[in-house]
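Participant: mind folding the following:
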Amino acid sequence: MGKGKRQQAAAPWAVFLQGGLLALGVYLLGLLLLALLLVKGTLPEGSAFPAVAVLCAAAVFCGGITAARRSPWGTLPAGLLCAALFAVVLAAVGTAFWQGITWTGRGGILLLCALGGGVLAGLLGGRKRKKRKRK
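Facilitator: Numbers count the residues shown, from 1 in each chain. Okay, here's the model as predicted:
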C-alpha cells in the first residue's frame, strides 16, 4: 500500500457474520469430535450434556473474540451480538427439526451458555494494543 491509501474497515454486519459463522463451525466440529468420543467409549454417556454445554460456550467465545476485535463498536456489544446470533440460529434449528424441545430444561441451559460465552468474549476481547516506541 502506498502512502495516503488507507485500508477500509469491514462492514459491521460482515464482522458479525464472520464471528457467527466461526462460532457455528467450531460448534459443529466440536459436536463431531464429541460424537466420536462417545461412540469410541472414551467419554461416558452421562457427561455428554455438560460437554455440549461447555462446547457451546467455547464456540461462542471464539466467534465473539473475533467479532469483538474487529468490530467498530465496543467489545461487549460485539460479543453479545455474536452470542445472540448464535443463540437465534441454535433456537431456530432446534424448533425446526426436533419435536418437544423443553426450553426451560436443557435447551435453555444451552442458550444461557451461549450468552455466557458472548459476555466472556466481550469482557476479555479487548483490542491489541500497539507497542510504543522508546526514544
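
Participant: what's around Val15, how many residues?
Facilitator: For Val15, the tally of surrounding residues (other CB atoms under 10 Å) stands at 22. From N, CA and C alone the C-beta is placed, and that goes for glycine too.

Participant: find me the pLDDT at it, would you?
Facilitator: With respect to pLDDT, Val15 has a value of 85.

Participant: which SS state does it fall under?
Facilitator: At Val15 the chain is in helix, as set by DSSP: H, G, I helix; E, B strand; the rest coil.

Participant: ok, the residue nearest the centre of the chain - contacts?
Facilitator: The chain has Val60 as the residue nearest its centroid, 1.6 Å off, counting by CA atoms, centre = their mean. The neighbours of Val60, taking CB atoms under 8 Å, 6 or more residues apart in numbering as the test, are 23, 82-83, 86, 113-115, 117-118, 121.

Participant: surely Gly30 and Ala58 touch.
Facilitator: Yes: with contact defined as CB atoms under 8 Å, Gly30 counts as touching Ala58 (7.3 Å).

Participant: picking up where we left off before, okay if I get the contacts of Val60 as CSV plus distance to Val52 and secondary structure?
Facilitator: Formatted as CSV, those follow (distance: CB to CB, whole Å; DSSP: H, G, I helix; E, B strand; the rest coil):
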residue, distance to Val52, secondary structure
Ala23, 14, helix
Cys82, 19, helix
Ala83, 16, helix
Phe86, 14, helix
Cys113, 9, helix
Ala114, 11, helix
Leu115, 15, helix
Gly117, 13, helix
Gly118, 17, helix
Ala121, 19, helix
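
Participant: identify the farthest-apart pair in those.
Facilitator: Distance extremes for the contacts of Val60: the farthest pair is Cys82 and Cys113 at 14.0 Å, using CB to CB.
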